[in-house]
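Novice: Have a look at this fold, sequence not included:
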């Protein structure tokens, strides 16, 4: 059983704050790490897929880093906006397999 | 381009009743997944299809759950009989093929089941 953990479980920030979440995953047999955003009543949407140690990806105000040796990834949101309110899920794939194992998500609420 | 389409979006049934969910993946996507998402938990894989073949159904509770993807396109997931603990969101996802984008999944909006 692969253990993918996310923290914090939930987060309330004010508009304009910057924030970050953590995803921990097994450091052995790594293949890929995914980040998804899931807004209420919508479908989960892929943000990033990262495969190389040291990868950094950015999409607008959102960025992510990857450390496969120690088994963690950070997701950063700069200048949070109310529309960033969603659940952010990370998912890990082990090498040789083809199944995504999801974390429990971080629920972000951005308040005016 | 149309995304993954699921129906129904919401379903309320009484326990012991049957229920079925339908999924139409993105055109050309060979791989189709059904995930179960309980409140406060991450999505958990129920079954994965490569075309019409179920290649991973190890997490599917086969006593009451069944799935099919007869022509390698649409898929249905059935629960019979439903139990209270089956209340959850059932997500369908598809991907073009393993290896492309390291398996990035495209999800539908989910079917939320409430069992009373």
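Specialist: Arrived safely. Values in this document were obtained by computation on a predicted structure and should not be read as measured data. Residues are numbered from 1 along each chain as shown, chains lettered A, B, ... in the order given.
Novice: From here on, just use CA atoms for contacts and neighbour counts.
Specialist: Fine.
Novice: What is the neighbour count of residue A:44?
Specialist: 24 (other C-alpha atoms under 10 Å in any protein chain shown).
Novice: show me what contacts it?
Specialist: A:36-38, B:106-109 (C-alpha atoms under 8 Å, 6 or more residues apart in numbering or on different chains).
Novice: can we see that at 7 Å?
Specialist: A:36-38, B:107 (C-alpha atoms under 7 Å, 6 or more residues apart in numbering or on different chains).
Novice: same question, residue A:112
Specialist: Residue A:112 neighbours (C-alpha under 7 Å, 6+ apart): A:14-15, A:82.
Novice: of those, closest to chain B?
Specialist: Compare each of the contacts of residue A:112 with chain B using C-alpha to the nearest C-alpha and the shortest gap goes to residue A:82, at 20.8 Å.
Novice: give me the beta-bridge partners of the residue nearest to the closest one when sequence neighbours are not counted?
Specialist: Distances taken as C-alpha to C-alpha, 6 or more residues apart in numbering or on different chains place residue A:110 nearest to residue A:82, at 4.8 Å, with adjacent residues excluded. Following DSSP bridges, residue A:110 is listed with bridge partners residue A:13.
Novice: which sections of chain A are below the confidence cut-off?
Specialist: A:1, A:96-97 (pLDDT under 70).
Novice: Give me every residue in it lying close to chain B.
Specialist: A:32, A:41-44, A:98, A:102-105 (C-alpha under 7 Å from any C-alpha of the partner chain).
Novice: Only the buried subset of those residues, as a PyMOL command please.
Specialist: Buried members of the residues of chain A next to chain B, defined by 16 or more other C-alpha atoms under 10 Å in any protein chain shown, are picked up in PyMOL with:
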select buried, chain A and resi 32+43+44+98+102+103+104+105
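Novice: so which of the residues of chain A next to chain B would you say is closest to residue B:38?
Specialist: When those are ranked by distance to residue B:38 (C-alpha to C-alpha), residue A:104 comes first, at 9.7 Å.
Novice: Now do the SS call for that closest one.
Specialist: What DSSP: H, G, I helix; E, B strand; the rest coil gives for residue A:104 is coil.
Novice: Would you check that it makes contact with residue B:39?
Specialist: No. Using C-alpha atoms under 7 Å, residue A:104 is not in contact with residue B:39; the gap is 9.5 Å.
Novice: Among the contacts of residue A:44, which ones are in strands?
Specialist: Among the contacts of residue A:44, the members falling in strands (DSSP state E) are A:36-38, B:107.
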